[in-house]
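>>> what's the 3D shape of this:
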Amino acid sequence: MTTPSNPTGIRASDAEREAVAERLREAATAGLITIAEADERQAAAYAAVTRDELGPLTADLPAAEKTTPERATAPWRRGRLTAGSRRRLAVHAAVVGFLAVFLVTRWAMDPAPWFWPVWPMFWLGLSVLVHGRLAPRAAPPSAAA
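The predicted model follows:
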């Protein structure tokens, strides 16, 4: 079955329509097109039957940025922490350690029947783990070298 507007066009898949709609969302977020224009183009993208109808919707936009393997890799698996990251993480861990000692000392002096510092210490420890995962890392050595 062919469409009257383009009798020889190749049919577009849902994934292709969604990719165009995502590119339009990125363009609107970047301020390349207005929200109203993005809405109109997305409606046209979802209504497109052929690939030829999808092309003009993003033809006037700059090329999408390609994702390199380094950028696709999770940040905690890319490489070693930079010197500045290690220093900031060490300071963060030292502050958390000091606060943990303070909380345990406070608990020991308090008549509380249960170990209440466990909850603040849990969140403080979690903050150090998250900091370590999200800290900037050095680029890994290239595979070509």
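>>> tell me the domain boundaries of the protein?
14-58, 71-134 (automatic domain parsing).
>>> Okay, now the unreliable bits of this structure?
1-8, 64-78, 140-145 (pLDDT under 70).
>>> Going along the chain, name the helices of it.
14-30, 35-47, 51-58, 69-72, 83-109, 118-134 (DSSP state H).
>>> returning to that earlier point: take the domains of the chain and write them to a markdown table, including mean neighbour count.
Yep, even glycine has a C-beta here, placed from its N, CA and C like the rest. Compiled in a markdown table, those are given as follows (neighbours: other Cβ atoms under 10 Å):
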| stretch | mean neighbour count |
| --- | --- |
| domain 14-58 | 15 |
| domain 71-134 | 12 |
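>>> contacting residues around the nearest residue to Ala12 once chain neighbours are set aside?
Nearest residue to Ala12, sequence neighbours excluded (Cβ to Cβ, 6 or more residues apart in numbering): Arg51, at 4.9 Å. Listed by Cβ atoms under 8 Å, 6 or more residues apart in numbering, the contact set of Arg51 reads 9-12, 16.
>>> Now which of those residues would you call buried?
9, 12, 16 (16 or more other Cβ atoms under 10 Å).
>>> Tell me the one of those residues nearest Ala38?
Using Cβ to Cβ, Glu16 comes nearest to Ala38 of the buried ones among the contacts of Arg51, at 17.6 Å.
>>> now that closest one: how far from Val49?
According to Cβ to Cβ, to the nearest Å, Glu16 and Val49 sit 11 Å apart.
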